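Enquirer: Provided below for reference: sequence and predicted model.
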Amino acid sequence: MAADSSEEVLRKYVEGIFDRKGLLMHEEVCRFGEIIKSSRARLKFARELDRRRNICLVDENTYHKLLHSVALAFFESVKDENFTAGSILMNMTFTYHYIPKGRRVHDINYSTSGSSRERLRSLMRKLKQNMLCCNDISYINDYNAKKQVDTDSASSQTVVYLYESLNNHVVWKTMGFWEEILLDSVHHERRQRCTLRPWRDLGNVERDEFNAALCNITFGQLTSYLNNMKLLNLSKTARINFLQKQCVIGGIVEGTEMHSTLYNLVTN
C-alpha cells in the first residue's frame, strides 16, 4: 500500500476511534493491524492521537477503541524492536481517560436495537480475542488501579486512564523501550536548550556548562520516567537497574544530590 494511501487510512481510522457512536468495522481493524506494523505508520498514528489530546476525557466506547489500537501499536513496536513512537504513545496512555458508571466491560447494558447489540458484542469479542493472541498482555484488568478526583458534588468519580488498562502490557517490561524513549527525550531537550556546536570548538568552561546542562536534562527526564515506571508496576529491581545504567550514561555521579534524589524516588 502506498504511503499516502496508508496515511489516509490511518487518518480515517482515528476519526472512527473518536466517533462517539460509531464502531470500528472488522475490515478497518484488520487494515489497521497491517498498516501499524510499519514504524512510520505508528508514528503517524501517535501524532494523530496527540493532535486530538484536547478531548482527553472520552466516552466509554471511544476509550475501548483507543485501548485496543494503542495496545496493538505497542505490541508491534515490541515485535519490531522499534520504539520511535513510544514516547508519544506512552504520553497518550496518561492523557486519555473516561469515567465509568460503575460498570465493567462485560456489564455493558447493550442497546435495545438487535443489530446495534450484536455489533457491540461482536466488537467486544474481537477486542478480547486480539489481546488473547498477544503473549503477556492483559487487555482488560478489572480497573483495579484507579484515580479518585474531587468533583463539585460530595461524591467522587472514578477516572480510568488508558495506562491503567495496559499496565500488564509486554512493552513496559521491555527495557529497550525505556532506554530508547529516554534517549530520545534527552536529545530533544538538549536540542531545545543547548547550543549545538562541535565539542572541539568548546572551551573548558563551555564543556563544563554543557555537561552540567546534560545532567540537569537527564535528571528531569529520569524523574518523569521513573514515576511512570512505578505507576506501571515495574519492579523495584528493574527500576534500580534502569536508574543505575542511565545515571552512568547521563553523567549523574553516585553520592551527588541528584543521584540521591533519584534513588530515593525508586526505593521509597
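Expert: Arrived safely.

Enquirer: Which parts of the stretch 101-250 of the chain are strands?
Expert: Taking DSSP state E, counting those that start in this stretch as the test, the strands found in the stretch 101-250 of the chain are 147-150, 156-161.

Enquirer: what residues are up against L66?
Expert: Neighbouring residues of L66 by Cβ atoms under 8 Å, 6 or more residues apart in numbering: 17, 49, 58, 92, 96, 162. All C-beta atoms are positioned from the backbone trio N, CA, C, and that covers glycine.

Enquirer: mind listing which of those are in helices?
Expert: The members of the contacts of L66 that map onto helices under DSSP state H are 17, 49, 92, 162.

Enquirer: Setting the sequence-adjacent residues aside, check what's closest to the second one.
Expert: To tie it back to what came earlier, the one meant is L49. The shortest distance from L49 to any residue other than its chain neighbours is 4.8 Å, reached at M92 (Cβ to Cβ, 6 or more residues apart in numbering).

Enquirer: ok, that neighbour to L67 distance?
Expert: As judged by Cβ to Cβ, to the nearest Å, M92 and L67 stand 11 Å apart.

Enquirer: next one: H169
Expert: Taking Cβ to Cβ, one finds H169 at 10 Å from L67.

Enquirer: quick one: secondary structure of the residue nearest to the spatial centre of the chain?
Expert: Centre of the chain computed as the mean C-alpha position; nearest residue by Cα atoms, centre = their mean is M90, 1.7 Å away. The three-state label given to M90 by DSSP: H, G, I helix; E, B strand; the rest coil is helix.

Enquirer: thinking it is in contact with N228, fair?
Expert: Yes: assessed by Cβ atoms under 8 Å, M90 is found in contact with N228 at 6.9 Å.

Enquirer: on that earlier part again, hmm, the residue nearest to L49 is touching A71, no?
Expert: No: at 11.7 Å, M92 does not count as touching A71 under the criterion of Cβ under 8 Å.

Enquirer: The strands of the stretch 101-250 of the chain: lowest mean pLDDT?
Expert: When the strands of the stretch 101-250 of the chain are compared on mean pLDDT, strand 147-150 scores lowest, with a mean of 37.

Enquirer: returning to that earlier point: number of nearby residues for the residue nearest to L49?
Expert: Look at M92: counted by other Cβ atoms under 10 Å, it has 23 neighbours.

Enquirer: now it: how far from A46?
Expert: For M92, the distance to A46 - Cβ to Cβ - is 7 Å.

Enquirer: what does T174 give?
Expert: The spacing between T174 and A46, counted by Cβ to Cβ, is 17 Å.

Enquirer: Model confidence score at D19, please.
Expert: At D19, pLDDT is 91.

Enquirer: E189 too?
Expert: For E189, the pLDDT comes out at 81.

Enquirer: One more: Y143?
Expert: Reported pLDDT for Y143: 30.

Enquirer: Any chance of TSV for the contacts of L66, columns distance to S5?
Expert: Rendered in TSV, the data for the contacts of L66 read as follows (distance: Cβ to Cβ, whole Å):
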residue	distance to S5
I17	19
L49	20
V58	28
M92	24
Y96	27
L162	28
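
Enquirer: I'm done for today, thanks for sticking with me.
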